[in-house]
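>>> requesting a structural model of the entry that follows:
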Amino acid sequence: MLVVVCYDVNTETREGRRRLRRVAKLCEGVGQRVQKSVFECQIDRAQFETLRRNLVAEINLDEDNLRFYRMAETKGYKTDEYGAFRAINFDAPLVV
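Numbering: from 1, shown residues only. You can find the predicted model right below:
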């Protein structure tokens with residue numbers, strides 16, 4: 001499934017800046033960054049649950065915001081892109 005992860009971490013304190021780096025690192029491990037705090041992740045349900053659990057453990061629920069948008073393939077989805085960035089097509093053949 002395609003999961004879009006969006007977050008907003010309060011970086012007014014040193015600990016907040018550390019949380020931001022840890023959250024970004026977790027997302028970079030499973031997806032591709034499409035904007036500064038937005039990642040697209042092509043993952044299965046088990047990977048999603050692990051990612052969700054790890055990210056919720058990192059953020060401060062009183063100061064930060066974390067959102068997951070899950071898009072199941074059975075319902076279909078379409079992404080329109082404009083501008084210089086081009087996403088990786090994870091379903092295309094890998095050419096080395």
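
>>> hey, let's count contacts and neighbours off CA atoms from now on
Noted.

>>> quick check: closest non-adjacent residue to residue 44.
Once flanking residues are discounted, residue 44 sits nearest to residue 1: 5.8 Å by C-alpha to C-alpha, 6 or more residues apart in numbering.

>>> sorry, that was for residue 48
Nearest non-adjacent residue to residue 48, counting by C-alpha to C-alpha, 6+ apart: residue 3, 7.9 Å away.

>>> which ones are touching the one you found?
Applying C-alpha atoms under 8 Å, 6 or more residues apart in numbering to residue 3 gives the contacts 40-43, 48, 68-71.

>>> swap in 7 Å and give it another go.
Contact analysis of residue 3 by C-alpha atoms under 7 Å, 6 or more residues apart in numbering lists 40-42, 68-71.

>>> do residue 70 as well
Contacts of residue 70 by C-alpha under 7 Å, 6+ apart are 2-4.

>>> again with residue 30
Shown in contact with residue 30 (C-alpha under 7 Å, 6+ apart): residue 41.

>>> ok but the residue nearest to residue 48 is inside a helix, no?
No: Residue 3 sits outside any helix when classified using DSSP: H, G, I helix; E, B strand; the rest coil, being strand.

>>> quick one, grab the pLDDT at it.
Residue 3 is assigned 93 on the pLDDT scale.

>>> also the one 10 residues further on?
We have a pLDDT of 95 for residue 13.

>>> what's the burial count for it?
Per other C-alpha atoms under 10 Å, the neighbour tally for residue 13 reads 9.

>>> then the one 4 residues further on?
Close neighbours of residue 17, defined as other C-alpha under 10 Å, add up to 14.

>>> hang on, the earlier thing: who's the residue nearest to residue 48 bridged to?
Taking DSSP bridges as the rule, residue 3 bridges to residue 41, residue 70.
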